[in-house]
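[1] Dropping the sequence and predicted coords here.
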Amino acid sequence: MDSKDWLVPRCSSPGERNTMKFQWKLAAAISAVAFANPTGRADEPAVLAITNVTIIKPALNSSQAGVTVVLRDGRIAAIGKSTRVPAGSQVIEGRGKYLIPGLADAHVHPYPAPTTGDVKETKDLVASFLPWGITTAFSPAMPLQKFNELRPELLTENAKYPKFYSTVVAYRVDGPGPGNALSRPDSVEKAKESVRYFHSHHVNGIKLIYDDASYASSVPLRVMKREIMEALIDEAHRLGIKAYAHAPVLKLAKETLRAGADGLVHGIISDPVDHEFLELMKKNRAVYISTSSLFEGLKDFPAFLRRHLELYPNFPGAARVNEFLRNPIPLQAPGFNFDRPDAVARQLPVLRANLRKIYDSGVTVVTGSDSAGGLTSLIEIILHVESGLTPMQALRAATINAQKMVGRDKDAGTIQPGKVADLVLLDGNPLADIRNVAKLNRVFRAGVALSRADQSPVSSKAKAKFDPNPEGMGR
C-alpha cells in the first residue's frame, strides 16, 4: 500500500537536516533582534482617546493634524478635530506624534526551530511582533502541529497577539534547498491529494518553491516539474484557496503566473521585469512581496545585522547581536551553499528597480521580510523607500495592501470608524523620514495599548532560545 509519509513535511536526509539547522542558525540571529523587543505592558481601559494627533492615511495618500481618535470595545469609535473625549476615558496626548494603521509583515517564520520548541515559545515569538508595531503577520510555511495549536488564539482579535495567517505547507522537490515545513509530492495525483490534506486543516493558502537559486548558489537546485506546479495551483483554486510562489527568477516566476499563481513571496532578482510579467501579475491580481531583507542578508549578513543596531542601538538584544557579529558564520551548509554574495550584490540594483517598476504598474506590493519578524519588519519598510518608493507608498504596502492580501481590508488597514483598532503611535513623522517607523511610542492591538519599555530585560529563557550558534554549527 502506498505510504502517505510524503504528505507530512519532513527533512529527508542527514545532509538536508544539517541544511535546515544551518538556516535556523541564521534565523536565530535575526530572531534575537525580533524577540528582544521593546517589551511592554498591556492596558485595557473601557474607552481610550488619543488627542491632538496627526493621523496618516496611506490608503488615501493623505494626513490630518490635530485629530482626536476614540477607541472603544476594540474598534475605532470616532475620529475628528471636534470629536469629544468621552467621560472616564484614558487620554493619551498625541501632540507632536503621528498615528498610522497597524503594520503587517507578510513573510515571517515565527518559530524557534524546525523540529524543536514548544507552542508557548512560538506564541511568545509571535507576541513579540506587537511592540514593533506589527499587528498582522503572514507565514508562508510553518509546522502544521504548531499552526493547529495556535489557531484558536492567533486567528481571533486577541490583543495579546497579531492577527496571524499561514500557508503552513511549502512544496518543493527532494534534495537540499530553501524552505521549511516541506512537502514533496512526486506526481500530479499526490500533489492534488496533498493540497486537499492541508485544506482540511484550514490553511490560509499554499506556497510552492519553484526556484533554482542560481542568483545565490554556484550549484543550481532542481526545479519542481511544471505539471506538479500547475496541479498544486489548480487544486488550490478548485478548493477556493490561494497559491503563492517562491520564484525569484523571472523565467520561473512567469511560469507560475501563467499557471495562475496568486502572488510572489520573494522579489525578482534575476532580471528586470518585462511587460509580460507585469500583465500576468495584473491579470492574476497577484501580490508582490519583495523580501528585500532576505537579499540584503544574502549579500552581507553581518552588515545587515548592523543595520538593526544602527536603527535601534539600545534594544535589549543588541548584546547578543554584537556577540554574533564577533563570530559570524558562513552562508553555506552541506549540499546547498549560499556561496555567491558577489552575484547577489550585483543583482540588488535589479531587485530594487523591479520593486519600483512593479509598484508603478499598479500591481499590489505588500511588505514582507522573510525573517523572524520584529525589528527586521521595520527595516523592510525602510528598504522599500531605499528602492524608490515614497514613504507613503511604503506605508501603504505595509498596511492596506497587506490587509487586502489576507482579505481583511474591510476590517483593518485604515484609520476609520468601525475598523479594528490596530494602530501605531510614533514619536516622529515617517513621511519626513521613513526611519521614524522605529520611533515607537505605543502600539494598539484591538484597542489595547502596549506601552514601550525599552529597558525591560528579556527573560533568560527567551535569550537561551535564540542562541546565535545553536548546536555549535559552523565552527
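    All right, it came through fine.

[2] Quick one: neighbours of the closest residue to V53 other than its chain neighbours, just the number.
    Leaving aside its chain neighbours, V53 sits nearest to G94 (2.7 Å; criterion: C-beta to C-beta, 6 or more residues apart in numbering). C-beta coordinates here come from the backbone N, C-alpha and C atoms, glycine included. Using other C-beta atoms under 10 Å, G94 is surrounded by 23 other residues.

[3] Walk me through the domains of the protein.
    Following automatic domain parsing, the chain resolves into domains at 5-35+103-411, 37-101+413-457.

[4] Quick one: the strands in the stretch 101-250 of the chain, in order.
    For the stretch 101-250 of the chain, applying DSSP state E, counting those that start in this stretch gives strands covering 103-105, 134-139, 163-166, 170-171, 182-183, 206-209, 243-246.

[5] Could you single out the most deeply buried of those?
    Counting by mean count of other C-beta atoms under 10 Å, strand 103-105 has the highest mean neighbour count of these, with a mean of 32.

[6] Sheet partners, orientation included, of it?
    Here strand 103-105 is paired, per DSSP bridges, with strand 134-139 (parallel).

[7] centre of the chain versus the strand it pairs with, how much separation?
    Strand 134-139 has its average C-alpha position 6 Å from the chain's average C-alpha position, going by C-alpha atoms, centre = their mean, to the nearest Å.

[8] ok, L250 - contacts?
    268, 270-274, 277 (C-beta atoms under 8 Å, 6 or more residues apart in numbering).

[9] Pipe the residues you listed into JSON lines and attach secondary structure per row.
    Output for those, formatted as JSON lines (DSSP: H, G, I helix; E, B strand; the rest coil):
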{"residue": "I268", "secondary structure": "coil"}
{"residue": "S270", "secondary structure": "coil"}
{"residue": "D271", "secondary structure": "coil"}
{"residue": "P272", "secondary structure": "coil"}
{"residue": "V273", "secondary structure": "coil"}
{"residue": "D274", "secondary structure": "coil"}
{"residue": "F277", "secondary structure": "helix"}
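
[10] out of the residues you listed, who's nearest L375?
    I268 (25.6 Å; C-beta to C-beta).

[11] I figured the closest one was touching P248, is that so?
    Yes: at 6.0 Å, I268 counts as touching P248 under the criterion of C-beta atoms under 8 Å.

[12] Low-confidence ranges, the stretch 1-150 of the chain, go.
    The stretch 1-150 of the chain contains residues with pLDDT under 70 at 1-45, 111-117.

[13] Could I get the full set of helices for it?
    Counting by DSSP state H, counting those that start in this stretch, the stretch 1-150 of the chain has helices at residues 14-35, 119-127, 144-154.

[14] Which elements pack onto the shortest one?
    The contact analysis (3 or more C-beta pairs under 8 Å, 6 or more residues apart in numbering; DSSP states H and E) places helix 119-127 against helix 14-35, helix 144-154.
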